[in-house]
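only geometry, no sequence info:
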């Protein structure tokens, strides 16, 4: 079994599986500049979003934390933060200051202070060019698996999910944790009805209580809207795939956490994972795939397994996303965005063998093998969770 991968060691000790320049938008008005500059430069990832202003304070704090977390993510070797003017509470300067604590190169470009969009674009590209020259000379080093933070997520679930691919992900997660690594399980809505199973895996009663509290809060917030979960959870494609209740979906979804490792703690949405104790960490996120994996990436995960029954194109721009399925039809129809087919579980292949197939793919991908969506730049999964109104 492979117990090492080849990655990029950052000044703060984190290890990236990619060495990209990140063009990070601080607010929606900086989005076109980030996209324009990234399009003109090699190995440059733009992260854009519609937020950063006119948000209530708690939501603005989450936006800032999420953007900072992506700047800190070890897959970014250097970062340019772009602002259009000055949004108090989420300025480019504030974001860059937090990212700079990692020791990686980070610079700010302000559109207004630069003299407008054209001159700001030129400045961002000039800074980016110099940063890429600097980081492109860095070589991959042999790294123990203990440095991996493994993201766990699923989507377009169906009746194959809890039987096949989610269990393969769980086996892979256990392998990584046994070697000293950490995993992040998200999607609070997809623990409803499976609370007792999740709680039984917690390191302590205090951790279990946090999970119960998050599920209760999520349930109450949905009921306060005067609606039932059905139709939203399970989703229409879940129902089409044979899942009839949220409980059924949840019991399949939690298979991703494996069968051996303990749940060490609970994280807030997009909270940085600072605890180095091996095990599973549960992040409080919605079931929305884009918002969920964005939170996981902000926590510091370099690589994520996205297991899907119906097939999926989801791909985070910075955190490398491996897709797998146990549905043979989805493996065929969605071959151009699916890396691992474990549908042979239904023909007698063991969970262990399928899980090892995913594990080997993960190690190879962490060492530089490109995913299918990465090759065609299918970046479609950056979405910041929010709970309040625009103001």
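Looks like it arrived, so ask away. A quick note: this is a predicted structure, and the numbers were derived from the prediction, not measured.

for residue 70, which three-state class applies?
helix (DSSP: H, G, I helix; E, B strand; the rest coil).

quick one: the strands in the stretch 1-150 of the chain?
For the stretch 1-150 of the chain, applying DSSP state E, counting those that start in this stretch gives strands covering 4-9, 15-16, 20-25, 44-47, 76-83, 106-110, 141-144, 149-155.

now the longest one: mean pLDDT?
To tie it back to what came earlier, the one meant is strand 76-83. Per-residue pLDDT over strand 76-83 has a mean of 98.

next one: stretch 182-199
Per-region confidence: stretch 182-199 scores 94 on mean pLDDT.

what is the end-to-end distance of it?
18 Å (Cα to Cα, to the nearest Å).

in it, what counts as buried?
In terms of neighbour count (16 or more other Cβ atoms under 10 Å), stretch 182-199 has its buried residues at 182-195, 198-199. C-beta coordinates here come from the backbone N, C-alpha and C atoms, glycine included.

returning to what we had before: redo the strands of the stretch 1-150 of the chain as a markdown table? Include distance to residue 291 and mean neighbour count.
Shown next, in a markdown table, are these (distance: least, Cβ to Cβ, whole Å; neighbours: other Cβ atoms under 10 Å):
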| stretch | distance to residue 291 | mean neighbour count |
| --- | --- | --- |
| strand 4-9 | 27 | 20 |
| strand 15-16 | 23 | 24 |
| strand 20-25 | 17 | 27 |
| strand 44-47 | 14 | 23 |
| strand 76-83 | 20 | 27 |
| strand 106-110 | 25 | 23 |
| strand 141-144 | 30 | 13 |
| strand 149-155 | 11 | 28 |
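
farthest-apart pair in the buried residues of stretch 182-199, please.
182 and 193 (25.9 Å; Cβ to Cβ).

nearest residue to residue 260 other than its sequence neighbours?
Excluding its sequence neighbours, the residue lying closest to residue 260 (Cβ to Cβ, 6 or more residues apart in numbering) is residue 174, at 4.6 Å.

now the one you found: which helix or strand?
Assessed by DSSP states H and E, residue 174 sits inside helix 165-178.

the helix or strand following that helix pairs with which strands?
Heading C-terminal from helix 165-178, the first helix or strand you meet, by DSSP H and E, is strand 182-185. When pairs are called by DSSP bridges, strand 182-185 turns out to pair with strand 149-155 (parallel), strand 279-283 (parallel).

mind giving me CSV with the ones you listed and columns for mean pLDDT and distance to residue 80?
Listed next are the strands paired with strand 182-185 as CSV, based on pLDDT from 0 to 100; distance: least, Cβ to Cβ, whole Å:
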stretch, mean pLDDT, distance to residue 80
strand 149-155, 97, 24
strand 279-283, 98, 27
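
just list the residues touching residue 40, thanks.
By Cβ atoms under 8 Å, 6 or more residues apart in numbering, residue 40 lies in contact with residue 125.

distance check, it against residue 24.
Per Cβ to Cβ, to the nearest Å, residue 40 is found 16 Å from residue 24.

and for residue 345?
40 Å.

ditto for residue 286
Separation of residue 286 from residue 24 (Cβ to Cβ) stands at 23 Å.

redo the strands paired with strand 182-185 as a markdown table? Include distance to residue 90.
A markdown table is the format used below for the strands paired with strand 182-185 (distance: least, Cβ to Cβ, whole Å):
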| stretch | distance to residue 90 |
| --- | --- |
| strand 149-155 | 25 |
| strand 279-283 | 21 |
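
pretty sure residue 43 contacts residue 129?
No - the pair residue 43 and residue 129 fails to qualify as a contact (Cβ atoms under 8 Å) at a distance of 11.3 Å.

for the helix holding residue 174, packing partners?
Packed against helix 165-178 by the contact rule (3 or more Cβ pairs under 8 Å, 6 or more residues apart in numbering; DSSP states H and E) you find strand 149-155, strand 182-185, strand 279-283, strand 303-308, strand 320-325, helix 351-366.

what's the helix or strand just after the third one in contact with?
In this case it means strand 279-283. Downstream of strand 279-283, the first helix or strand assigned by DSSP H and E is helix 289-299. The contact list for helix 289-299 (Cβ under 8 Å, 6+ apart) reads 65-66, 68-70, 73, 149, 151-153, 155, 184, 186-187, 267, 269-273, 281, 283, 285-286, 304, 306, 312, 314, 316, 318-319, 321, 380-385.

double-check the residue nearest to residue 260 against residue 262; I have them as touching.
No - in this structure residue 174 lies outside contact range of residue 262 using Cβ under 8 Å: 10.9 Å.

who has more neighbours out of the two?
residue 174 (19 against 15; other Cβ atoms under 10 Å).

show me what contacts the more buried one?
258-261.

tell me how the protein divides into domains.
If you go by automatic domain parsing, the domain ranges for the chain are 20-135, 143-375.

take those and lay them out in JSON lines including distance to residue 12.
Formatted as JSON lines, the domains of the chain follow (distance: least, Cβ to Cβ, whole Å):
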{"stretch": "domain 20-135", "distance to residue 12": "5"}
{"stretch": "domain 143-375", "distance to residue 12": "10"}
